[in-house]
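Engineer: Sequence plus predicted model, see below.
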Amino acid sequence: MLEGPGSELSDKLKRRMDLVLEETFRDEFPNGGDHETRKLVAARLLAAAVEGRTTLGELGLLARKAMAELKRKPK
């Protein structure tokens with residue numbers, strides 16, 4: 001899934017990550033959520049992809065888990 005010298009993501013993986021991010025925030029926040037929260041969840045997705053966790057199921061589970069953790073954090 002990763003291309004090039006270990007740092008570039010394939011277009012397919014980028015689309016998959018975008019889809020998971022959009023679906024997660026659509027389900028959790030009618031307005032799409034705030035930038036910082038999206039950025040944190042996206043960073044978790046990227047880290048997982050680099051580790052080789054690239055299926056829709058794996059990424060979706062990770063995104064939902066990240067959202068649950070962020071909701072529990074005191075503001």
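Structural biologist: Nice, I can see it. Remember, it's a predicted structure, so these values are computed and weren't measured experimentally.
Engineer: count of residues packed around residue 19?
Structural biologist: Neighbour count of residue 19, defined by other C-beta atoms under 10 Å: 13. C-beta coordinates here come from the backbone N, C-alpha and C atoms, glycine included.
Engineer: oh sorry, the question was meant for residue 52
Structural biologist: For residue 52, the neighbour count with other C-beta under 10 Å is 10.
Engineer: What is the burial count for residue 65?
Structural biologist: Using other C-beta under 10 Å, residue 65 is surrounded by 12 other residues.
Engineer: what helix or strand is it on?
Structural biologist: helix 56-72 (DSSP states H and E).
Engineer: What residues of that helix count as buried?
Structural biologist: 58, 59, 60, 62, 63, 64, 66, 67, 70 (16 or more other C-beta atoms under 10 Å).
Engineer: any chance of the residues you listed in JSON lines, plus pLDDT and distance to residue 19?
Structural biologist: Formatted as JSON lines, the buried residues of helix 56-72 follow (pLDDT from 0 to 100; distance: C-beta to C-beta, whole Å):
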{"residue": "58", "pLDDT": "96", "distance to residue 19": "13"}
{"residue": "59", "pLDDT": "97", "distance to residue 19": "9"}
{"residue": "60", "pLDDT": "96", "distance to residue 19": "9"}
{"residue": "62", "pLDDT": "96", "distance to residue 19": "13"}
{"residue": "63", "pLDDT": "95", "distance to residue 19": "10"}
{"residue": "64", "pLDDT": "94", "distance to residue 19": "14"}
{"residue": "66", "pLDDT": "93", "distance to residue 19": "16"}
{"residue": "67", "pLDDT": "91", "distance to residue 19": "15"}
{"residue": "70", "pLDDT": "87", "distance to residue 19": "20"}
